[in-house]
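Student: Build me a model from this:
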Amino acid sequence: MKKLLSLSALVAGFAAAPVLAQDTLRIDGLEVIGAPVSGKMGFQPAVTRLAQDIHDLDWLILVIITLITVFVTGLIFWVIFRYSKKRNPTASSFTHHTPVEIAWTVGPILILVLIGAYSLPILFRQQEIPQADITIKVTGNQWYWSYEYVDEGFGFDSYMIGAPATLTSEDEAAGAIANRLDDVMVAKLEAAGYSRSEWLLATDTAVVVPLGKTIVMQVTGSDVIHSWAMPAFGVKQDGVPGRLAELWFSADKEGVYFGQCSELCGQAHAYMPITVKVVSEAVYADWLGKAKEEYAGIPQALKVASID
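Tutor: Model (predicted):
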């Protein structure tokens, strides 16, 4: 009987673990910065050097494309007007024009050199992984993410709020259906500190990182190819089963940021969002201590004041 009671308590403890983690590890009061906005165009706000580089490169190429388009369109209309049959009844019969041929060869080369000179340093900055302050291993699964804080010895899974794994017996009794927005799902979002507009974006657990620190994400997959993408950070890395790839970022603004699996990975691909919360070092230290305790990781060293 005692064994049966112990087993029941253990099962109940595991069942309650996600709820406890959600309650004790919640960080509220952060502004939602990195999120898609319905009806708007352009990038999400850049909060890393990598993302700002991408924005600047996009602007440079847009300017170049606009100038070329205006020039070519103007040239076409000028030729139509200048060499119409009315103004030029006798057509020219020349076969080549050396200065023009040199110009349309050298001009594109110079443009490509300009784009390359600007974009290659950006590419190298993305691909050259710096020394990490915090290393997090990311594993893509069908259809959720697993995170491991490598240096701290703990990890957790992250599901979209509303995914089958996040539904409780009470939710099902209330008529909730997985991956479908209804009043029960709205209540779950609000209970986790999110709003109705963050449906399909919010997750039951979030990656938490401190402001201004270099974060290295080691990305892989457990079943098929996934892709960990965070637009506001300017990063995207495929997770290939059997391989370990890396990306890095250093966020310079506190807030909540949403991303998404960006590689078609099966039936529930659309229900595989990413949530990252960037917080101050003090808040991160507090969260880290609770997370280690919650996920049975390495306990933080207890600092005791000394007489010295």
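Student: if I pick residue 183, what's in contact with it?
Tutor: Counting by C-beta atoms under 8 Å, 6 or more residues apart in numbering, residue 183 touches no other residue. No exception for glycine: its C-beta is placed from N, CA and C like everyone else's.
Student: And the pLDDT for it?
Tutor: With respect to pLDDT, residue 183 has a value of 90.
Student: Please apply the same query to residue 29.
Tutor: Model confidence at residue 29 (pLDDT) stands at 86.
Student: and the gap between it and residue 277?
Tutor: 11 Å (C-beta to C-beta, to the nearest Å).
Student: between these two, which one's more packed in?
Tutor: Under the neighbour definition other C-beta atoms under 10 Å, residue 29 and residue 277 were set side by side, and residue 277 has more, 20 against 8.
Student: Can you show me the CA trace of the helix or strand encompassing that one as CSV?
Tutor: Secondary structure from DSSP states H and E places residue 277 in strand 273-279. Once non-C-alpha atoms are left out, strand 273-279 reads as follows in CSV (Å, rounded to 0.1, in the frame of the first residue of the first chain):
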residue,chain,number,x,y,z
PRO,A,273,7.1,28.7,-32.0
ILE,A,274,10.1,30.0,-30.0
THR,A,275,10.0,32.4,-27.1
VAL,A,276,13.1,34.2,-25.8
LYS,A,277,13.1,36.6,-22.9
VAL,A,278,16.0,39.0,-22.5
VAL,A,279,16.3,40.3,-18.9
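Student: following the lengthiest helix in the chain, which helix or strand shows up next?
Tutor: Determined from DSSP state H, the single longest helix within the chain is helix 49-82. Later in the chain than helix 49-82, the nearest helix or strand by DSSP H and E is helix 98-127.
Student: elements contacting that following helix?
Tutor: Counting contacts by 3 or more C-beta pairs under 8 Å, 6 or more residues apart in numbering; DSSP states H and E, helix 98-127 packs against helix 49-82.
Student: Name the SS class of residue 136, please.
Tutor: strand (DSSP: H, G, I helix; E, B strand; the rest coil).
Student: Same check on residue 155?
Tutor: At residue 155 the chain is in strand, as set by three-state DSSP.
Student: who's in contact with it?
Tutor: Going by C-beta under 8 Å, 6+ apart, residue 155 touches 137, 146-149, 295.
Student: ok, the strand holding residue 277: who's next to it in the sheet?
Tutor: For strand 273-279, the paired strands and their directions (DSSP bridges) are strand 207-210 (parallel), strand 255-261 (antiparallel).
Student: relative orientation of whichever helix or strand comes after it and strand 273-279 in degrees?
Tutor: As assigned by DSSP H and E, the chain's next helix or strand after strand 273-279 is helix 281-294. Angle between the axes of helix 281-294 and strand 273-279 is 130 degrees (criterion: axes from the mean of the first three to the mean of the last three C-alpha atoms, to 10 degrees).
Student: list the contacts for residue 219?
Tutor: For residue 219, counting by C-beta under 8 Å, 6+ apart, the contacting residues are 138, 140, 228, 237-239, 244-247.
Student: let's see it at 10 Å
Tutor: Applying C-beta atoms under 10 Å, 6 or more residues apart in numbering to residue 219 gives the contacts 136-140, 145, 226-228, 235-240, 243-247.
Student: Also residue 144?
Tutor: Applying C-beta under 10 Å, 6+ apart, the residues contacting residue 144 are 157-160, 163-166, 203-205, 261, 268, 271-273.
Student: before we move on, back to that, got a quick PyMOL command for the buried subset of the contacts of residue 155?
Tutor: Remark: buried members of the contacts of residue 155, expressed as a PyMOL selection using 16 or more other C-beta atoms under 10 Å:
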select buried, resi 137+147+148+149+295
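Student: Pick out the most distant pair among the contacts of residue 155.
Tutor: Largest separation among these by C-beta to C-beta: 137 and 295, giving 13.9 Å.
Student: Got the confidence number for residue 296?
Tutor: On pLDDT, residue 296 comes in at 72.
Student: For it, which three-state class applies?
Tutor: coil.
Student: shouldn't it be in contact with residue 154?
Tutor: Yes: judged on C-beta atoms under 10 Å, residue 296 makes contact with residue 154 at a distance of 6.8 Å.
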